[in-house]
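A.B. asks: predicted coordinates and the sequence they were generated for:
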Amino acid sequence: MAEFEDLLPVMASKLGGEGLIRELCNGFSLLMDKERGLITFESLKKNAGVLGLGDLREDELRSMVKEGDLDGDGALNQMEFCVLMFRLSPGLMEESEAWFDQVLQQEMDLCSAGCFDGKRC
C-alpha cells in the first residue's frame, strides 16, 4: 500500500477538535459523489488526487471504501469517512489512547481516595 504522512495529529493540535472535524467534513465534500452525497469507489478514484492520494491503486481505493463502510451500502457517508480517517491515523489514535489513560488514572485516583462521580474529597 502507498505510504502517506499522517497529518491528522498535526491538524488536531493546530486546529483543535472542532477545527479538525470541520476539515474532515471539507475533505468528505471534496471526495463525495455530488449526486449521492456519499463517497463511492468511483468518486474516490476521480477525486483522490485532490488530497494527495492519486498514487493509490484501484484495489487500495476499493479496500478503503470497504473498510470504512459500516452500514454495508458500498459507500461512505460523512460519519463513516470521519471514523475511517481516525482509524487510519496511528498518531491520532495514540494521542487519544494517552488521553484516555490519563482520564482513567484520574478517575482511579479519585476512587481510591473515596471520591466518586468526579467529586473531590
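C.D. replies: Here it is on my side, so go on. Residues are numbered from 1 along each chain as shown.
A.B. asks: okay, CA-based contacts and neighbour counts for the rest of this
C.D. replies: Fine.
A.B. asks: low-confidence ranges in the chain?
C.D. replies: Scanning the chain with the threshold set as pLDDT under 70 gives 1-13, 15-17, 20, 89-104, 110-121.
A.B. asks: and whichever helix or strand residue 45 is part of, what does it pack onto?
C.D. replies: In the assignment (DSSP states H and E), residue 45 maps to helix 41-47. In this structure, helix 41-47 packs against helix 8-31, helix 58-68, with contacts taken as 3 or more Cα pairs under 8 Å, 6 or more residues apart in numbering; DSSP states H and E.
A.B. asks: export those to JSON lines and tack on mean neighbour count and distance to residue 84?
C.D. replies: JSON lines is the format used below for these (neighbours: other Cα atoms under 10 Å; distance: least, Cα to Cα, whole Å):
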{"stretch": "helix 8-31", "mean neighbour count": "15", "distance to residue 84": "11"}
{"stretch": "helix 58-68", "mean neighbour count": "17", "distance to residue 84": "5"}
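A.B. asks: and residue 82, which of the ones you listed is closest to it?
C.D. replies: helix 8-31 (6.4 Å; Cα to Cα).
A.B. asks: and the helices and strands packed on helix 41-47 as CSV, adding distance to residue 41?
C.D. replies: Shown next, in CSV, are the helices and strands packed on helix 41-47 (distance: least, Cα to Cα, whole Å):
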stretch, distance to residue 41
helix 8-31, 10
helix 58-68, 6
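A.B. asks: which of the ones you listed sits closest to residue 49?
C.D. replies: Of all the helices and strands packed on helix 41-47, helix 8-31 sits nearest to residue 49, with 9.6 Å by Cα to Cα.
A.B. asks: picking up where we left off before, closest one to residue 46 among the helices and strands packed on helix 41-47?
C.D. replies: Taking Cα to Cα as the criterion, residue 46 comes closest to helix 8-31 out of the helices and strands packed on helix 41-47, the separation being 8.1 Å.
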